[in-house]
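>>> Sequence and predicted structure below; questions after.
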Amino acid sequence: MRSGIFLAGLFIAALFYPLIFPNLLSIAIYFLLLAGWATSWDILGGWAGQVSLGHAAFVGVGSYALAILAGRYGIAPWWGALAGMALSAALAWVWGLVTFRLRGPYFTLSTIAIAEILRLVAIEEAWLTQGAEGIFIFSLKSPFGFDLFDRQVEYYTALLYLAAVVGLVAWLARGKLGYQMRAVREDENSSQAAGIDPTRIKLIAFMLSGALTALGGAIYGVYLSYLEPHDIFFLPLSVQIALTAIIGGRGTPFGPLAGAFLLVVAAEVFRNAFAEANLLIYGVLIVLVVIFLPRGLIGSWQHRAVRRRYARSARG
Amino acid sequence: TSFTGRFAEFGAQHRAGFEVALAEINANGGVQGRQVELVIEDDTSSQQTALAAAEKLLSRDVPIIMGAYSSSITNPLAQYFTRQEFPFLVFTSSADSITSPGSDWVFRINQPAATYAEILFDVFGILEATESLESIAVVHGNGTFENAVAAAAESLSEARGYELVEIQSYDQGLTDFRPILNRFKAKSPDIVFMVSYSADAVAIMRQVKETGLSAKVFVGAAAGFALPEFLEGAQEVAEYVITATAWTKDVNFEGAGELYAALMEARGKEPTYHAAQAYAGLLTVADALNRAESLDPETIQRALAETDLRTSYGPIRFTDFNGYRNQNPVKMVAEQVQDGAFVTVFTQEGVVNPILCPVPAWESR
Amino acid sequence: METAVALLQNISGGILIGGVYALVGTGLSLIFGVMRVINFAHGEFLAVGMYLALVGHAAFGLEPYLAMLLVAPLGFFVAFSIERLVLSRLVDSPEQSTLLATLGLALILSNALLLLFGAEPKTMYVSYATATVNLGRVTLSIPLLLAGFVATMIILALYLFLTKTEPGRAVRATAENRLGAELVGINTLAVHSVVFGLGSLIAMAAGFVLMPLLFAIPTVGAGFTLKAFVVTVLGGMGSISGAIGGGLVLGLAEVLGASYLSTGYRDAYGLIAFLAVLLLRPEGLFGRTIKRV
Amino acid sequence: MTAPKAKPILEVDRLDLGYGELQVVFEVSLEVARGELVGLVGGNGSGKSTVLRAISGMITPWSGEIGFDGLKVNGLKPHQMTRLGMAHVPMGRQLFPNLTVEENLSLGAYLRRARHNRSRNLERVFELFPDLVSKRRQPAGSLSGGQQQMLAIARALMLDPKMLIMDEPSLGLAPFLVKEAMQVVRRVADMGLPILLVEQNVRQVLLVSDRAYVLENGRLVIDGPSVDLMDNPLVKKAYLGL
Amino acid sequence: MHAALEAEGIVVQFGGLVAVNDITLSLDEGEIFGLIGPNGAGKTTLFNALTGYAPMRRGKVSLFGEDITQLPAFVRARLGIGRTFQIERPFEELTVLENVLIPAFLHRARRSDAERVAWDALEQAGIADRAHQPSADLNLARRRRLELAKALSLKPKVLFLDELMAGLNPPALAEMIGFVRTLTKSGLAVLMVEHIMKAVVELCDHVMVLASGERIAEGSPEQVTNDPKVIEAYLGDSDEPGDR
Ligand SMILES: Nc1ncnc2c1ncn2[C@@H]1O[C@H](COP(=O)(O)OP(=O)(O)OP(=O)(O)O)[C@@H](O)[C@H]1O
Ligand SMILES: Nc1ncnc2c1ncn2[C@@H]1O[C@H](COP(=O)(O)OP(=O)(O)OP(=O)(O)O)[C@@H](O)[C@H]1O
Ligand SMILES: [Mg+2]
Ligand SMILES: [Mg+2]
């Protein structure tokens, strides 16, 4: 409850951000998108416990769907985004059906493989994606007269996206599906004994996760306005999405948000402060967080809080 | 530009070029009597960091922005600056799409990718006088740039009547080209046309020898084959390879030799044409700023458009041609590896040094 | 006739490349088998190996294979210390912690290489870089032959170590049950450090043997990490003999796919084989199924 | 016969133990003399396993002292304790399921101190557990629960230990195996090896042990010769279900 | 009128090993059925077959006359089969209440409704006082109660208990026996595997003895405990451990 109020406050503060920092919008947009992707990733990776290192594929599907539909057929970007989400959900469904027989590290490795294959497809099937040449988003229909290429508009779109994703996850977490996902993560046999169909729950999680990631991908596509397979279907992007969620705290509604904040700010600060050593320091930061906060920023805090609350109630 | 990440190698070259140019400009009294300050941001080889850095630069009231190395990064930057109506000078990225269709705000001093193929096909034309060249096989990386060069080669083969027997792409970082080369060998093409970054270039040539693939002409379009690392790594197998490049120390522009020496000193090792491009880019900017009455974007844009500069990199002026926009029509040069060194063999003015052709078969070297 | 020679040529090329892949996979498999850590920095250790070979070559003018023997202790020490400093603190942490930690290590290593050696590709020139031998009409690259041979020897040595020696048995016991191993007096944390050191050293050795064939750039590792994953999954995670089979399958799949289908999808062939194996035989092509009660 | 005469092999002095911020064992002191079979009993969650874990080095004591064979051993790791001659048969046995029975046993004698006696000990162990002889080439994971328990004890004996500590060796065993396991424990003790035995099955423990301690909510409440405890009304009520 | 649960000719094989061989049993509402036998006899495996976790080679299972042989475990759980696991498996990252909430959601989608069901189950299993404790920190006795509460919040019609009493000390054991006894009052049918003969004798209406996958005896607790075959294979002859 308290965290709900805190979050609403944060959201309102975020509404004023462009007024205070009109020149720091790009980085804020990326933060919002990364947080949104990580939160979406976490539905599958944190709540349902299936660590994916292939989520860049959904960013790709979302952004390419929008770009292709808008560029070639002049279809409005929101329909493009929807199409990307639908396509991603379908992709996740097939992907899940094929790979959910695998457990733990095997599943993770299979996601890398599938995303890599998709990257090669995006490069090789130039008739669809224009291949390595890349694809531009030159003009888009403007909803209500908003110019979608305007950084402010993009900022608010991304903010809405993040708010929606975080809100959805926070709401899910308290309800039936949230608990069913956690049950599946903890122990598939036990969850069957509780009447849960683990495959179905994982599929739902995967499809939701994929579709929401694709929505963020569509916004990202507009923000970049130029897409190229190597950069979009990029293993490091997949890794960063997962990293953000895990550093923040897997399976916590606000962990990915905290993770994105830490990573984006750290990356920017290090980029300016350490010049060529910046990625090295960034790596050190990751290792330190892992060693000292093994459950991630929010996760470790929550873990301790639950115990403290219990210890207090047991004493009192 | 990129100082870390995948493209860090080129960022380092750029830095040398900037240093030399900046020293020169400020030694000559700066711009309109003021010393020039260069603000550099590292894009960490990432599109999104580049965009954030661009916005940051805009907010710092710089008059003009230059960038970046990779076309995949420059493309979104060009889009961004066009929308912001801010002058943007491209000095290395060669994807055609940057200036074709291009925009009023994007200027490029370096050559588009297609010209790499053009100059080489011009060389083939010359060689036709003595040799019959009919078939061509292309191997290229699947990056934006290599792809563009290969596409140009494909259409040029058709336009100029060569039979394209194979065109094969490979994924970056590939180590084993033998399957591709064996395929080529089966078709025995007259020309082997390779488009690769430097690291792959060495591996390809070594494996060409290993598989015993012989052809009358080996050409390496683009970056990989024109770098000093290529000579160092490939050694004797690099012999006879013809490459296209934007600039060498032997080009007949005044001061090229001195520039080479200065860049050499700044980089601490063999400079590449990327360094020269960065140098020329900065000179262009200084020149435009010198002519601009004020620092608002339109004025600078106009000043840029009117650029007519001679540098040791070559002449710089921006025109519209063949669908390009604000593109400096660079004259490329072709070099051939002869006795372990790059020898400039062909420029727009014609053959300057003899071109060795046909390449002897491996057994008889 | 021509096509038969070409096929033989391709198969032998695939086998040799596969030998090197097997070596890369073996190290990863060893680490996973004992520590249950998927080492995302594995390829980076290979890159470290390449640079060590370069340094050895440049500083002492050593043949990479000789340099390997000299520099091996140093490489082992680096990996050993990294395990001590980082991974050993994570033995009781949740599974994703080690995954993250190795990702962090990968970043650290590749950027340390960038700072030390610069970004430009470095090649090593050895006199036999392009030498070949002919077996009938099949041409084989000598550096590749050497690489395949050394890879085989290293794997063999590792196999003998694990099955025939007392410390090897301690390693296997640790892999089976860490607490159980502690209880018979095995210092399992030390075993982890040694195993990580060994596994990474094997990756570095792969870097050494690849150096005359390839080039070093600081970011070369990531691709090899992926290949190592493919190899280990093909062969069965944690199985040394499996890694050999996995390496060969990957080498052949890539070469044959690239030769007879399309080269653009070359990397996809290995990945598709990988997925197929994961789905049809999750224990690996060569793994045994051990069902427990 | 039961009173310790020489200096005890294990001395535990005012031990405080816990997990995270939660203390579960308070000022526990106990000792085991050479040649003695001592029981440690108590209700669920009273902290018995926790005490054993501290002794074998799996957890570090908050305060208090553990002395083994004349040395202060606080904070040593399990493998270090093993090196000193402390063998621990934990709950869940911790065998190497994919290795054969024989390999499991020979790993039991992994340490140098035990290695040269390996074949002699192997004979002794097979004498003690004749059931294992026919299974020596089978993977440990394929044994029945009772056989696995035997193997766990046997592996501990391969170490040539100075002392043995055991956690619930009868858990989950069929009734006749419970008795058999207890008899084995007694036989091992009769060979002169000091044993600290933790068991849920209080009745069985009191039947086989020389002396016993009773732990309740992390504190020692009663101790004394097992025969006396058998008749102690408190023990009768709380632990024997009488 | 159908029996609550009927199983006919169940056979389970692992490779060459026949773990359960041709077992038939039937269980009525309100009945407690005991399954005993030496380690490795196949008790857990039989449980797994009936609840849908082990593949059956042959045989038929029906619940109130409805054939459930082909149904996966989670569907059987929805139809009213609750079970505990021999090695308890709490959802470790969750608190006790949340653990029980998960099965409680099965019949109620609303959280407040599900919470009510969960609290009832916690009360019934006697662990309501620990509702907010992280389940990973529970001791053995409480883990067992949590297992029971989880099974109960499914509102099952047939309950499978696999060694629920193992490792409990006498007071905890007596308490647990009490819990189980109250369960049958509402007509729940219970199938239990136990090595603790005290619990078997006190609770079961009917006992079956397995050894090496075969049924070797069946009947009332008294009949079975006095059967020489059972004494030889399972109970052992004397009550005293060794002679000293
Ligand atoms: N790993 C752990 N983390 C947190 N608390 C623990 C842990 N292990 C045990 N505890 C708590 O410590 C207390 C003592 O546990 P311990 O296992 O020592 O009891 P025990 O006497 O062996 O009981 P049992 O009959 O269950 O084996 C219990 O309340 C238990 O919940
Ligand atoms: N997944 C499996 N794969 C192979 N064999 C198995 C498997 N599960 C059980 N077994 C074998 O089936 C037999 C019966 O095992 P089960 O677990 O049913 O015994 P149990 O009667 O429950 O014994 P306990 O009282 O020790 O729990 C054993 O021999 C066991 O080794
Ligand atoms: Mg215990
Ligand atoms: Mg069982």
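Everything's here; your move. Residues are numbered from 1 along each chain as shown, chains lettered A, B, ... in the order given. Ligands and ions are numbered 1, 2, ... in the order given.
>>> contacts, neighbours, all on C-alpha from now
Will do.
>>> Please identify the helix or strand for the residue nearest to residue C:89 when sequence neighbours are not counted.
The spatially closest residue to residue C:89, leaving aside those adjacent along the chain, is residue A:291, at 6.7 Å (Cα to Cα, 6 or more residues apart in numbering or on different chains). Element membership of residue A:291 [criterion: DSSP states H and E] is helix A:278-292.
>>> looking only at pLDDT, what's the mean for that helix?
For helix A:278-292, the mean pLDDT works out to 82.
>>> Residues of chain D that sit close to chain E?
Within chain D, the residues that sit near chain E (Cα under 8 Å from any Cα of the partner chain) are D:42-45, D:144-146, D:171-177, D:179-180, D:182-183, D:200-201, D:204, D:207-208, D:238-241.
>>> Any of those residues buried? List them.
D:42-45, D:144-146, D:171-177, D:179-180, D:182-183, D:200-201, D:204, D:207-208, D:238-240 (16 or more other Cα atoms under 10 Å in any protein chain shown).
>>> taking the residues you listed one by one, which sit in strands?
residue D:42 (DSSP state E).
>>> one step back: name the helices or strands packed onto the helix holding residue A:291?
When contacts are defined as 3 or more Cα pairs under 8 Å, 6 or more residues apart in numbering or on different chains; DSSP states H and E, helix A:278-292 packs onto helix A:235-248, helix A:255-273, helix C:95-117.
>>> If we use 7 Å, what do you get?
helix A:255-273, helix C:95-117 (3 or more Cα pairs under 7 Å, 6 or more residues apart in numbering or on different chains; DSSP states H and E).
>>> wait, which of those helices is closest to residue B:294?
Using Cα to Cα as the measure, helix A:255-273 is the one of these that comes nearest residue B:294, at 29.9 Å.
>>> who touches the closest one?
A:31, A:34-35, A:38-39, A:244-245, A:247-249, A:278, A:282, A:297-299 (Cα atoms under 7 Å, 6 or more residues apart in numbering or on different chains).
>>> what's the angle between that helix and helix A:278-292?
Angle, helix A:255-273 to helix A:278-292, by axes from the mean of the first three to the mean of the last three Cα atoms, to 10 degrees: 140 degrees.
>>> buried sites along helix A:255-273?
In helix A:255-273, counting by 16+ other Cα under 10 Å, buried: A:255-264, A:266-267, A:270-271.
>>> So, low pLDDT: which residues of the chain?
With no chain named, the answer covers chain A. A:1-2, A:140, A:145, A:275-276, A:278, A:313-316 (pLDDT under 70).
>>> that's the wrong chain, I meant chain E
Using pLDDT under 70, the flagged stretches of chain E are E:1, E:237-244.
>>> What ranges does it have for its strands?
Under DSSP E, chain E gives strands at E:5-14, E:17-27, E:32-36, E:58-63, E:66-67, E:81-83, E:158-162, E:189-193, E:206-211, E:214-219.
>>> Return the most buried member of the ones you listed.
strand E:81-83 (a mean of 28; mean count of other Cα atoms under 10 Å in any protein chain shown).
>>> Residue D:24 belongs to a strand?
Yes: checked against DSSP: H, G, I helix; E, B strand; the rest coil, residue D:24 lies within a strand.
>>> check contacts around it.
So residue D:24 contacts D:17-18, D:47, D:218 (Cα under 7 Å, 6+ apart).
>>> List, one by one, the residues from chain A near chain C.
Contact residues (Cα under 7 Å from any Cα of the partner chain) of chain A with chain C: A:110, A:113, A:117, A:120, A:124, A:243, A:279-280, A:283-284, A:286-287, A:290-291, A:294.
>>> and these, which two are the farthest apart?
A:124 and A:291 (41.4 Å).
>>> picking that back up, just the C-alphas of the helix holding residue A:291, formatted as PDB.
Output of helix A:278-292 as PDB, limited to C-alpha atoms (Å, rounded to 0.1, in the frame of the first residue of the first chain):
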ATOM      1  CA  ASN A 278      33.800   3.000 -18.200                       C
ATOM      2  CA  LEU A 279      32.700  -0.400 -19.200                       C
ATOM      3  CA  LEU A 280      35.300  -2.000 -16.900                       C
ATOM      4  CA  ILE A 281      34.000   0.000 -13.900                       C
ATOM      5  CA  TYR A 282      30.500  -0.900 -14.900                       C
ATOM      6  CA  GLY A 283      31.500  -4.600 -14.800                       C
ATOM      7  CA  VAL A 284      33.000  -4.100 -11.400                       C
ATOM      8  CA  LEU A 285      29.800  -2.500 -10.200                       C
ATOM      9  CA  ILE A 286      27.800  -5.500 -11.300                       C
ATOM     10  CA  VAL A 287      30.100  -7.900  -9.500                       C
ATOM     11  CA  LEU A 288      30.000  -5.900  -6.400                       C
ATOM     12  CA  VAL A 289      26.200  -5.700  -6.400                       C
ATOM     13  CA  VAL A 290      26.100  -9.500  -6.900                       C
ATOM     14  CA  ILE A 291      28.400 -10.200  -4.100                       C
ATOM     15  CA  PHE A 292      26.900  -7.900  -1.500                       C
END
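>>> in the stretch 1-150 of chain C, which ranges drop under the pLDDT threshold?
In the stretch 1-150 of chain C, residues with pLDDT under 70: C:1-2, C:129-130.
>>> Report the beta-bridge partner residues of the residue positioned nearest the centre of chain E.
Nearest to the mean C-alpha position of chain E, by Cα atoms, centre = their mean, lies residue E:161 at 1.4 Å. Applying DSSP bridges to residue E:161 yields these beta-bridge partners: residue E:192.
>>> Could I get the contacting residues of it?
Under the criterion of Cα under 7 Å, 6+ apart, the neighbours of residue E:161 are E:83-84, E:191-193.
>>> Would you list the phi and psi of residue B:324?
phi -80, psi 160 (degrees, to the nearest 10).
>>> confidence score at it?
81.
>>> any idea how far it is from chain D?
Using Cα to the nearest Cα, to the nearest Å, residue B:324 is found at 69 Å from chain D.
>>> Wait, that residue touches residue B:104, no?
No: checked against Cα atoms under 7 Å, the pair residue B:324 and residue B:104 is beyond contact range at 11.3 Å.
>>> Looking at the two, which one has more neighbours?
Using other Cα atoms under 10 Å in any protein chain shown, the more surrounded residue of residue B:324 and residue B:104 is residue B:324, with 21 against 16.
>>> Give the helix, strand or coil label for the nearest residue to the more buried one once chain neighbours are set aside.
The spatially closest residue to residue B:324, leaving aside those adjacent along the chain, is residue B:100, at 4.6 Å (Cα to Cα, 6+ apart). Put simply, residue B:100 is coil when judged by three-state DSSP.
>>> Residue A:55 is in contact with residue A:240, isn't it?
No: using Cα under 7 Å, residue A:55 is not in contact with residue A:240, being 9.6 Å away.
>>> Which one's more surrounded, those two?
residue A:55 (29 against 21).
>>> Next one: the more buried one from residue A:234, what distance?
As defined by Cα to Cα, to the nearest Å, residue A:55 lies at a distance of 9 Å from residue A:234.
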